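J.: coordinates only, sequence not included:
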């Protein structure tokens, strides 16, 4: 009987994702916006058609892994490394500005210091998945701004995890464990360096191994296994699994096999990636938007949203390369998506963030997530692209 | 942490499947034999590396659905219908002969009537998945014998479910509920007729709908959704989900889109199908083969295995079309696979089959499953193919 439920769930999720994505594309929007909305509609917030069980959750997580793997495959490591310093500056501003803005606002509103720190930390999050997906849908992954925003978003994910480790450490013990944070930072840096070195030096060896397999499906399975291994390694270190999958894609992007791998991965991605975005939409709590609810914090939520958007746009201003547009970089950093929800949830779990403030943070994650795809799409219209840098 | 476990589990399952499949192919065997053996090795029976949790189980079930969908896509409905009467005769003999053989043996050994009935029912099972996969691996799906064996195996699956319904009904209430069985038979027949009619008349309408979708991945997602809907419908009726998936494939096989769909489904199948066969292997209990165990029923097990194999070969003899080879049809019906395990499990759950007899039935399922791929492969060697009809 359980399998029957899964079948129905999958049918509803996939159908809703495709229909809503199709409608959005015909309205000139990106498909991902439709998938997010589909999730809101079929999720517990509105019709409650589908409940995110273990299996759907796992498929969604595999979906976002495959997405980042695909994005890594289509990326150009050399260009990413060349954009490195630029991406580091953007990522740094993209962490400092939202943190400072969130902290200042909460402090000004009279919240205690620890709460202000947690809210600041939540605003630093960037959902690399959403931006990567929008850029893929728009066919703009090769754009200079896309390279910067992708590099910055990945670094931001790592910095965000460090920030989360710091603030949950403070919440639990009242002080910062410099040793633990340093160790996490060191492991993260080592992981990235090893990934880059493997990509630059050892990729052909991998390909040689894969190429010698004869059985049917050897290419798609071995490249996905490679992505899963890198994802598991990243998670084992304490990083997000998607960082590992992205690194795996980057490594294979430098081999002659990469177009053949992309071609085989595509159908798997087509199937699993929408499941991820639908489940992100399913996490939206529309009740958090009700201004008449007793716990309504809509004022705080909107003020935080303004800070959340403005502070990431500031990160875009940190672009100094002449050929790189600032606006797409800033807007590309705006969506908080599921990462923001994870941060807010950690605050709730640590009992630092009260339920009403948690709802406000959910609103921030929602609005930034829904605003970014449409905004990015607009920025890439030809007329807009020449007017707005 | 749970996701981390899933990642490790998937890595082990996929790696083991690919490596063992690769070794078997180089040894001149089919990959599926390697995947089954890989499952035995990594499963609880030997190294216990992987435990079949909910997610892995769901992925495996989706895998076998996709496999049957793929087989349906590559099948030719017209040829299948033309082979229909032939397939019906083979399926009927393939149910009656094993049932009679199993019943007679158990009766002769002095077991009670109900036990003999249950064992006979278990021997009627055919694992259409295993045979379909072997024929796919050998590239023989278009062979006349393959058409017959596929049609017969699908009918056998339906007859098997009817038999199971009868015997579990007897075990529970002591008598046959003719109404319930008749209703199930009627629903099954209606389902097949509707599927064939849709395939013959309405397939172009479906394709027209699918073809109008523009978003990326629309083809793979909509065809998989179609397969899932058919699978859910079949399960809702009381049939196996794989029958629905096979019917969905058959329907789409008659459209111009079918080569494009096949191409897109392949990577998804390459990824999910081996997971199914590995988990089938993981269900093998090697302890059932230990002749020194207190509950050893190896004598009974081997006698039942002989009956199980011989009675399905008899079904092959029922082939009367001049151009169709008898041996591949008979051998193609031999594997009991996961279906046999389900039957034996139902007997255990109904307390009709004692644990030691259950182990003996597991041995029958194992041996028939492992013997068939190698045997089929041998039958399709050019020299053998001309000598053995």
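T.: Cool, got the structure. Everything numeric in this text was worked out from a predicted model, so none of it was measured.
J.: for the rest of this, base every contact and every neighbour count on C-alpha atoms.
T.: Will do.
J.: which residues in the stretch 201-350 of chain A form helices?
T.: A:203-211, A:218-237, A:241-253, A:258-282, A:298-317, A:326-332, A:337-349 (DSSP state H, counting those that start in this stretch).
J.: is the fourth one positioned near chain B?
T.: Yes. For helix A:258-282 and chain B, the contact criterion (C-alpha under 8 Å from any C-alpha of the partner chain) is met by A:264, A:265, A:266, A:267, A:268, A:270, A:271.
J.: got the angle for that helix vs helix A:203-211?
T.: Taking axes from the mean of the first three to the mean of the last three C-alpha atoms, to 10 degrees, one finds that helix A:258-282 is oriented at 90 degrees with respect to helix A:203-211.
J.: for helix A:258-282, buried residues please.
T.: Residues A:258, A:261-262, A:264-282 are the ones in helix A:258-282 that count as buried (16 or more other C-alpha atoms under 10 Å in any protein chain shown).
J.: just how off-centre is it within its chain?
T.: Distance of helix A:258-282 from the chain centroid (C-alpha atoms, centre = their mean, to the nearest Å) equals 15 Å.
J.: repeat that for stretch A:380-389.
T.: Put simply, stretch A:380-389 sits 25 Å off its chain's centre (C-alpha atoms, centre = their mean).
J.: list the buried residues for that stretch?
T.: residue A:380.
J.: touching that stretch from outside, list them.
T.: Stretch A:380-389 is contacted by residues A:325, A:326, A:327, A:378, A:379 when judged by C-alpha atoms under 8 Å, 6 or more residues apart in numbering or on different chains.
J.: over to stretch A:24-31?
T.: Contact with stretch A:24-31 is made by A:20, A:21, A:22, A:33, A:34, A:134, A:137, A:138, A:373, A:374, A:377, B:215, as judged by C-alpha under 8 Å, 6+ apart.
J.: now with 6 Å, please.
T.: A:21, A:34 (C-alpha atoms under 6 Å, 6 or more residues apart in numbering or on different chains).
J.: and the average pLDDT for that stretch is what?
T.: On average, the pLDDT along stretch A:24-31 is 80.
J.: mind checking the end-to-end distance for that stretch?
T.: 6 Å (C-alpha to C-alpha, to the nearest Å).
J.: can you put the residues of helix A:258-282 next to chain B in JSON lines and add pLDDT?
T.: JSON lines is the format used below for the residues of helix A:258-282 next to chain B (pLDDT from 0 to 100):
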{"residue": "A:264", "pLDDT": "89"}
{"residue": "A:265", "pLDDT": "92"}
{"residue": "A:266", "pLDDT": "91"}
{"residue": "A:267", "pLDDT": "92"}
{"residue": "A:268", "pLDDT": "94"}
{"residue": "A:270", "pLDDT": "91"}
{"residue": "A:271", "pLDDT": "93"}
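J.: show me which residues of the stretch 151-300 of chain A sit near chain B.
T.: A:215, A:217, A:221, A:225, A:264, A:267, A:268, A:270, A:271 (C-alpha under 6 Å from any C-alpha of the partner chain).
J.: now with 10 Å?
T.: A:213-222, A:224-229, A:231-233, A:235-236, A:241, A:263-272, A:274 (C-alpha under 10 Å from any C-alpha of the partner chain).
J.: which residue is it, in the stretch 51-200 of chain A, that comes closest to chain B?
T.: As assessed by C-alpha to the nearest C-alpha, chain B sits closest to residue A:55 within the stretch 51-200 of chain A, at 5.1 Å.
J.: please apply the same query to the stretch 251-389 of chain A.
T.: Nearest to chain B in the stretch 251-389 of chain A, going by C-alpha to the nearest C-alpha, is residue A:270, at a distance of 4.9 Å.
J.: what is the mean pLDDT for stretch A:338-348?
T.: The average pLDDT for stretch A:338-348 rounds to 79.
J.: now check it, is it near chain B?
T.: No. Judged by C-alpha under 10 Å from any C-alpha, stretch A:338-348 makes no contact with chain B; its nearest approach is 14.7 Å.
J.: so how far is that stretch off the chain centroid?
T.: Centroid displacement of stretch A:338-348 relative to its chain, using C-alpha atoms, centre = their mean, is 13 Å.
J.: number of residues surrounding residue A:306?
T.: By other C-alpha atoms under 10 Å in any protein chain shown, the residues close to residue A:306 number 16.
J.: then residue A:32?
T.: 28.
J.: any idea how far residue B:49 is from the nearest residue in space to residue A:167 that is not next to it in sequence?
T.: Nearest non-adjacent residue to residue A:167, counting by C-alpha to C-alpha, 6 or more residues apart in numbering or on different chains: residue A:118, 6.4 Å away. The gap separating residue A:118 from residue B:49 is 40 Å, by C-alpha to C-alpha.
J.: re the thing from before, and the residue of the stretch 51-200 of chain A closest to chain B, what element?
T.: Using DSSP states H and E, residue A:55 falls within helix A:54-74.
J.: list the buried ones in that helix?
T.: So, applying 16+ other C-alpha under 10 Å, buried residues of helix A:54-74: A:55-74.
J.: do stretch A:177-192 as well
T.: For stretch A:177-192, the neighbour count (16+ other C-alpha under 10 Å) marks A:181, A:184, A:185, A:187, A:188, A:191, A:192 as buried.
J.: chain center to the lengthiest helix in chain A: distance?
T.: For chain A, the longest helix by residue count, based on DSSP state H, is helix A:144-173. Centre-to-centre, helix A:144-173 and its host chain are 11 Å apart (C-alpha atoms, centre = their mean).
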